[in-house]
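> with the input below, show me the fold.
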Amino acid sequence: MLVADYIAIGALVVFALLGFLVGFGKGLKFFTSGIFGVIISVFVTYLLFGLVYDLSFVKELLDKFNNWLREQGDVGTFFADIYTDRIVLAVAIFIIVQIVRVIIVKIIKSIVEIDNVVFKIINKTLGLVFFVAVLAALVLIVFQIIAWIGGETAQNFANQLKDSVFGLDWLFENNPLNSIFRATGAAAV
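Okay, here's the model as predicted:
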């Protein structure tokens with residue numbers, strides 16, 4: 001076994017134990033509030049923007065808004081030319097996503113933290129699974145960042161993972177985030 005395998009086992013044990021101790025409700029609240037919550041909301045807004053923008057009634061509203069801006073003179077035309085309508089739409093979607101995210105998290109947290117033996121077991125078990133999933137996401141993100149750095153750094157990192165018992169070398173080479181970034185047109189390796 002490689003050093004990376006031992007690190008993976010240690011991280012898995014720590015995250016699983018943390019998840020079990022903290023529980024799903026508190027873990028979900030932690031990972032969806034503050035900067036994490038804003039990042040999640042920005043990502044969801046990014047995913048929803050194209051869907052909402054393509055709705056015919058939304059396009060009609062945005063066209064009316066652009067026409068109104070152009071009627072305001074040169075300053076209004078300037079704001080219409082820089083697609084202020086799309087910015088307003090994105091901000092509106094972001095605000096709605098933020099509100100819905102907070103409501104959903106509060107509902108889920110309230111349900112899984114019911115003071116009952118069955119719900120306590122469910123909360124602890126889901127917490128364990130959730131924290132392990134968070135660890136997996138963090139590993140994929142770190143692997144993707146190292147792949148973006150590329151060059152000798154990525155090659156040395158890949159060599160350190162070679163022949164990993166847990167297939168970390170395969171995961172680094174076949175990171176699912178890389179295909180997601182390719183599909184969205186973002187920077188990819």
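
> low-confidence ranges, the protein, go.
Low-confidence segments of the chain, defined by pLDDT under 70: 179-189.

> tell me which residue lies nearest the centroid of it.
For the chain, the residue sitting closest to the mean C-alpha position, by CA atoms, centre = their mean, is Ile40 at 4.7 Å.

> against Phe43, how distant is Lys59?
Applying CB to CB, to the nearest Å, the value for Lys59 to Phe43 is 24 Å. For the C-beta atoms, the positions are set from N, CA and C on the backbone; glycine is no exception.

> buried set for the lengthiest helix in the chain?
Using DSSP state H, we find that the single longest helix of the chain is helix 117-149. Neighbour counts using 16 or more other CB atoms under 10 Å place 122-124, 126-128, 130-132, 134-135, 139-140, 143-144, 146-147 of helix 117-149 among the buried residues.

> can you name the element that comes right after that helix?
Using DSSP states H and E, the next helix or strand after helix 117-149 towards the C-terminus is helix 151-161.

> what helices or strands is the helix or strand following that following helix leaning on?
Next helix or strand after helix 151-161 toward the C-terminus (DSSP H and E): helix 168-173. For helix 168-173, the helices and strands in contact under the criterion 3 or more CB pairs under 8 Å, 6 or more residues apart in numbering; DSSP states H and E are helix 3-22, helix 117-149, helix 151-161.

> can you add distance to Val100 and give those helices back as a markdown table?
Formatted as a markdown table, the helices and strands packed on helix 168-173 follow (distance: least, CB to CB, whole Å):
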| stretch | distance to Val100 |
| --- | --- |
| helix 3-22 | 24 |
| helix 117-149 | 20 |
| helix 151-161 | 38 |
